[in-house]
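>>> fold the following, please.
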Amino acid sequence: MSKQHDIVASQDNANEYDEDAVVNPSANPHFEDILAARLSRRVALKGGITTAASALLGGSILSACGSSDDSPAPAPTPAPLKIGFNAVAKNKNDLVTVADGYNVSILHALGDPLQFGEESWKDDGSETAESYNRRIGDGHDGMYYFGLSEAGAFDAKRSDRGLLAVNHEYVVAPYSLHPAGRTAGAARNATEVTKEIYAHGISVVEVKREATGTGMAMVRGSRFNRRVTSATTMDFTGPAKGHPLLQTLFSPTAVQTRGTNNNCANGYTPWGTYLTCEENYLNVISRAAGDDALRSGPKEVAGLNRYGLPQNRKSPYLWETAGSDDLFVRWNSSVTGAAAAADYRNTINTFGWVVEIDPFAPDSVPAKRTALGRFNHEGAWPAEAVAGKPIVLYMGDDSRNEYIYKFVSKANWDAADVGKGMAAGAKYLDEGTLYVAKFNADGTGNWMALTFGANGLTAANATYAFADQGDVLINARIAGDILGATKMDRPEWGAVHPTNGEVYMTLTNNSNRVPATATPTGSQLKPDAANPRYYEDLKGTTSQKGNPNGHIIRWKEDATDVTKLTWDVYLFGAQADAAADVNLSGLADSNDFSSPDGLYFDKRGMLWIQTDDGAYTDITNCMMLAALPGKVGDGGVATAAGGTQTRAGAKATSDTLRRFLVGPKECEITGIAMTPDYKTLFFNVQHPGEETTPDFAAKTYGSYWPANQADQTVKKRPRSATVIITRKDGGEIGI
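Purely as a prediction, here's the structure:
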């Protein structure tokens, strides 16, 4: 996420973009058992299940040797994980405060050059716009570490050398890109806009262990170092490739587009590619007054409105005002030509996808995998790849009252595809079934297929007449409305438990909930079992209503029916001294938090939780916690604040949830990756100092991080950056 809080939603002014604005008007096998069954079959043992798991998990969970009856040798029982650090106190310091016994270092920050021949970042915004094709971008967010072999290929076990792919979600104000911030005016400065376009996207960098210790350094000049930006050419693949709703002047045949934008969270594949996800792309897209009358009819207008682009809506970035060059005009999603192939009326439809990038092939063309659907993609998180079974990805639509999805591939996993890059992506990600979730009050749930011709998704549907499967995927939100999916409190990051297969997803907050006794108006919603709390938070400087602290839902899939699940709420964010029906998880000073956002399971089964908060920042900066979760159903029925009954997981204790670090001022803690030996942890600090208007002449800012991390007297512009955490004794992180 790019914006810290969901407190004020300015929905009345179409010219002001609110990423939390509601545009949804609709009314609407347990893994251990599966794994045991598969391992008991000779075909699984001979078909490479161990190889597949090792490719995905770095060889950490499965090993077996043959015997006369082909039965696997019993694996040794691992010692139970224990959190091995003292909790960090809540604080408002302007630095990363980490648990005792750990080191903090900066891998890279906004503006750092990837290649030789570029001058270093100078703290004055003077770098050329064009150079940001070869510099680290802004707004660091989701990321993933890929081990790199000596031959330059994917090696899931390699810890001392790898490629780190990092998202750059958005430009911060921009406080550090330009000499004195953004130049005011109705028309944007072309040089500034060009720099912002190139500062979005993804950085791929080679990293290597330092000569001593377990820290990492970026390999400047590596042949793998690469930027993918809002100007990079990309292919459309899957069912929507060539669809009329994707036609533009740039690609009249709708097989390509330019740019990926507002890349928030991420995913990865077992064959060794990176998945980057397009979330708040409305930051950069405008639409003219009177445009409705120029459209093909009510159906097209309904699709635009459902995705938050009404007519007479100006984007906050105003990139389309910077000149007549195609680099700029393409951000205007209005009818200006005789046909879709002659203008950029469909620009809006070219964003909101999952984009696959091969980090090991710097010259490869990224692909927007349309089979995974179009919405505000927060991320795309894979379940464990199992030989002979489909690839499964879980995804959230990060906006209030939106949905949770999963994708199941048509092709079954074959470990021989490790390292095959974009060809493997085409095999597994271009054909399959997209589902949307419904969470029932009794703790069960259903996955409903978004398939043209089924479940009412037809040309005869009175709400929206779908033309084909491409139309269903381009307008996945409308399809979810029709199927009656559960409206959630802003689905953010997901993570899949590496040993029991249960899925976790953060629901960061929602000010749009009203009391169960109230009569909702407009897009307001009463609480439901999966989003159960309504309360007023009066502890901060501003009264906040609804679900300001967020929660984490989790579920397990039915062993025999992929359309069924059972769920509970793993954790409820809350201040430690909140009322018991608000602090349903029993959080204490060592582990209380608000607005969970980033989420990551390492392969040992330790869960890492990150926050992007605006409800608790009068007490503490945003943070990261380590957790050892139980399993779905380990708690019981509970009544949440406001009176709604829900299903809550077991209460947290200091042994199962503990604060690991706190970030600098006015930041979001986001993005996390770890080397396979668990000895180097990467995370991102996004937009430090974001909420304070800077004085460039006086050089005073809301934060001076990361320049001040090693020396608090250093005063430079704040920058988003990737941070490295290691243990001083060289041991595994967290335990």
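>>> helices along the stretch 451-600 of the chain, start to end?
Under the criterion DSSP state H, counting those that start in this stretch, the stretch 451-600 of the chain contains helices at 469-474, 476-483.
>>> what of the chain?
Remark: helices assigned in the chain by DSSP state H are 31-39, 42-46, 49-57, 190-199, 298-306, 326-329, 421-429, 469-474, 476-483.
>>> what about residue 179, how many neighbours?
Using other C-beta atoms under 10 Å, residue 179 has 10 neighbouring residues. Every C-beta, even on glycine, is put in place using the N, C-alpha and C of the backbone.
>>> what does stretch 639-653 rub up against?
By C-beta atoms under 8 Å, 6 or more residues apart in numbering, the surrounding residues in contact with stretch 639-653 are 441, 443, 515-517, 526-530, 532-535, 554, 567-572, 579, 581-582, 584-588, 591, 627, 629-630, 632, 634-638, 656.
>>> narrow these to those in strands?
Cross-referencing the contacts of stretch 639-653 against strands under DSSP state E gives 535, 554, 567, 568, 569, 570, 571, 572, 627, 636, 637, 638.
>>> pLDDT wise, what is the closest residue to residue 558 other than its chain neighbours at?
Leaving aside its sequence neighbours, residue 558 sits nearest to residue 564 (C-beta to C-beta, 6 or more residues apart in numbering; 3.8 Å). At residue 564, the model reports a pLDDT of 98.
>>> lowest-pLDDT helix or strand in the protein?
Across the helices and strands of the chain, mean confidence by mean pLDDT, DSSP states H and E is lowest for helix 42-46: a mean of 33.
>>> return the residues in contact with the spatially most central residue of the chain.
Here the mean C-alpha position of the chain is nearest to the C-alpha of residue 265 (C-alpha atoms, centre = their mean), at a distance of 2.0 Å. Counting by C-beta under 8 Å, 6+ apart, residue 265 makes contact with 141, 142, 167, 277, 279, 377, 378, 379, 380, 492, 493, 598.
>>> one more time with 7 Å
Contacts for residue 265 (C-beta atoms under 7 Å, 6 or more residues apart in numbering) come out as 141, 142, 277, 378, 379, 493.
>>> same question for residue 229.
Contacts of residue 229 by C-beta under 7 Å, 6+ apart are 133, 197, 198, 200, 201, 259.
>>> what about burial for the contacts of residue 265, which qualify?
For the contacts of residue 265, a neighbour count by 16 or more other C-beta atoms under 10 Å gives the buried set as 141, 142, 277, 378, 379, 493.
>>> okay if I get the residues you listed as a markdown table plus distance to residue 95?
Output for the buried ones among the contacts of residue 265, formatted as a markdown table (distance: C-beta to C-beta, whole Å):
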| residue | distance to residue 95 |
| --- | --- |
| 141 | 20 |
| 142 | 23 |
| 277 | 30 |
| 378 | 28 |
| 379 | 28 |
| 493 | 24 |
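>>> from the residues you listed, which land in strands?
141, 142, 277, 493.
>>> any idea of the mean pLDDT in stretch 220-232?
98.
>>> can you give me the end-to-end span of it?
The first and last residues of stretch 220-232 sit 22 Å apart, counting by C-alpha to C-alpha, to the nearest Å.
>>> can you give the distance from it to the centre of its chain?
Relative to the chain's own centre, stretch 220-232 is displaced by 21 Å; criterion: C-alpha atoms, centre = their mean, to the nearest Å.
>>> what of stretch 473-491?
With C-alpha atoms, centre = their mean, you get 18 Å for stretch 473-491.
>>> kindly check the end-to-end length of it for me.
This stretch, stretch 473-491, spans 19 Å end to end (C-alpha to C-alpha).
>>> let's test this: mean pLDDT of it, rounded?
Here stretch 473-491 scores 98 as its mean pLDDT.
>>> next one: stretch 77-96
Averaged over stretch 77-96, pLDDT sits at 94.
>>> how about stretch 278-290?
Here stretch 278-290 scores 97 as its mean pLDDT.
>>> quick one: buried residues of that stretch?
Buried residues in stretch 278-290, defined by neighbour count with 16+ other C-beta under 10 Å: 278, 279, 280, 281, 282, 283, 284, 285, 286, 287, 288.
>>> try stretch 547-563
547-558, 562.
>>> again, but for stretch 507-521
Across stretch 507-521, burial judged by 16+ other C-beta under 10 Å covers 507, 508, 509, 510, 511, 512, 513, 514, 515.
>>> any idea how far residue 530 is from residue 636?
Using C-beta to C-beta, to the nearest Å, we find residue 530 at a distance of 16 Å from residue 636.
>>> again, but for residue 588
Here residue 588 is placed at a distance of 20 Å from residue 636 (C-beta to C-beta).
>>> those two: who's more crowded?
The neighbour comparison of residue 588 against residue 636 (other C-beta under 10 Å) goes to residue 588, with 16 against 10.
>>> got the contact list for the more buried one?
The neighbours of residue 588, taking C-beta under 7 Å, 6+ apart as the test, are 576, 654.
>>> ramachandran angles for it?
Per-residue torsions, residue 588: phi -120, psi -180 (degrees, to the nearest 10).
>>> number of nearby residues for residue 231?
Other residues near residue 231 come to 18 when the count uses other C-beta under 10 Å.
>>> start the count at 18, not 1, going forward
In the new numbering, first residue 18, that becomes residue 248.
>>> ok, it - contacts?
214, 215, 275, 276, 344.
>>> any idea how far it is from residue 749?
Residue 248 is 41 Å from residue 749, by C-beta to C-beta.
>>> go on, residue 740?
According to C-beta to C-beta, residue 740 stands 18 Å off from residue 749.
>>> higher neighbour count, these two?
Neighbours per residue (other C-beta under 10 Å) separate residue 740 from residue 749, with residue 740 holding more: 25 against 16.
>>> the more buried one contacts residue 702, correct?
Yes - taking C-beta atoms under 7 Å as the definition, residue 740 is a contact partner of residue 702 at 6.1 Å.
>>> between these two, which contacts overlap?
Shared contacts of residue 740 and residue 702, defined by C-beta under 7 Å, 6+ apart, are found at residue 113.
>>> flag the shaky bits of the stretch 468-617 of the chain, pLDDT-wise.
Along the stretch 468-617 of the chain, segments meeting pLDDT under 70 span 555-560.
>>> how does it look with 80?
Residues of the stretch 468-617 of the chain meeting the criterion pLDDT under 80: 554-560.
>>> next: the chain.
For the chain (pLDDT under 80), the answer is 18-96, 190, 554-560.
>>> can you rerun that using 90?
18-97, 189-192, 529, 539-540, 553-561, 579, 631-633 (pLDDT under 90).
>>> pull the contacting residues for residue 302.
For residue 302, the contact set (C-beta under 7 Å, 6+ apart) comprises 326, 332, 348, 350, 364, 365.
>>> and those, which two are the farthest apart?
Farthest pair in these (C-beta to C-beta) is 326 and 348. Separation: 11.7 Å.
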